[in-house]
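Student: kindly generate the corresponding structure for this input.
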Amino acid sequence: MSATQQVAATFVLPELATPVPQPSGLDKPWYDAVRAARLVIQKCTSCGTWQWGPEWICRSCGGFDIAWEEVPKSADGCEGRIYSWERVWHPTHEALTDSVPYVVLLVELPEAGNVRMIGNLIGDQKAPVQIGAPVMAVFEHHERYTLVHWKPS
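Tutor: This is a model prediction of the structure:
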């Protein structure tokens, strides 16, 4: 599967808040990249440290030379591995009542400094989930934004 694969079903409901870039523009490169179906995170050009979420300075060296780089794929062609997960059975918002259960993943990106990202698991929401399983980013496109989810590879 390619990282440009799109999600068939939507996880977004009209009643929920719309994700938009911060007014400061800090995370605009993220939104632009995922709109183009590219998974990017920040990397310091001075010390090489990867970081997520977006910051104006490097958390490691304090430098201001932060670039957005595409997350490299591992030898098996995946961006990440499942670090932790939670199956949500109780909706956190009434709009999600018909959406439970769903699985939320904490995904570690081994080729990007082991940075971790959160996202929904695509597929059978009642299937067993294995820590360490490889996953690939998939993109849910909407008119004004795109979300990143994860699919087992």
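Student: correct me if wrong, but E111 is in a helix.
Tutor: Yes: per DSSP: H, G, I helix; E, B strand; the rest coil, E111 lies within a helix segment.
Student: how near is the residue lying closest to it once chain neighbours are set aside to A17?
Tutor: Spatial nearest neighbour of E111, excluding adjacent residues (C-beta to C-beta, 6 or more residues apart in numbering): P72 at 3.9 Å. Every C-beta, even on glycine, is put in place using the N, C-alpha and C of the backbone. With the distance defined as C-beta to C-beta, to the nearest Å, P72 ends up 32 Å from A17.
Student: of those two, who's got more company?
Tutor: The neighbour comparison of P72 against A17 (other C-beta atoms under 10 Å) goes to P72, with 12 against 7.
Student: quick one, what contacts the more buried one?
Tutor: Taking C-beta atoms under 8 Å, 6 or more residues apart in numbering, we find P72 in contact with 79, 111-112.
Student: note down every partner strand of the helix or strand hosting E86 and its orientation.
Tutor: Element membership of E86, judged by DSSP states H and E, is strand 80-88. Strand pairing for strand 80-88, using DSSP bridges, gives strand 102-109 (antiparallel), strand 134-141 (antiparallel).
Student: got the CA coordinates for the last one in CSV?
Tutor: Same thing as strand 134-141. Below are the C-alpha coordinates for strand 134-141, written out as CSV (Å, rounded to 0.1, in the frame of the first residue of the first chain):
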residue,chain,number,x,y,z
PRO,A,134,3.9,-1.9,11.3
VAL,A,135,1.5,0.7,10.0
MET,A,136,1.3,3.1,7.1
ALA,A,137,-0.2,6.6,7.0
VAL,A,138,-3.4,7.0,5.1
PHE,A,139,-5.1,10.4,4.4
GLU,A,140,-8.7,11.4,4.9
HIS,A,141,-9.3,14.4,2.6
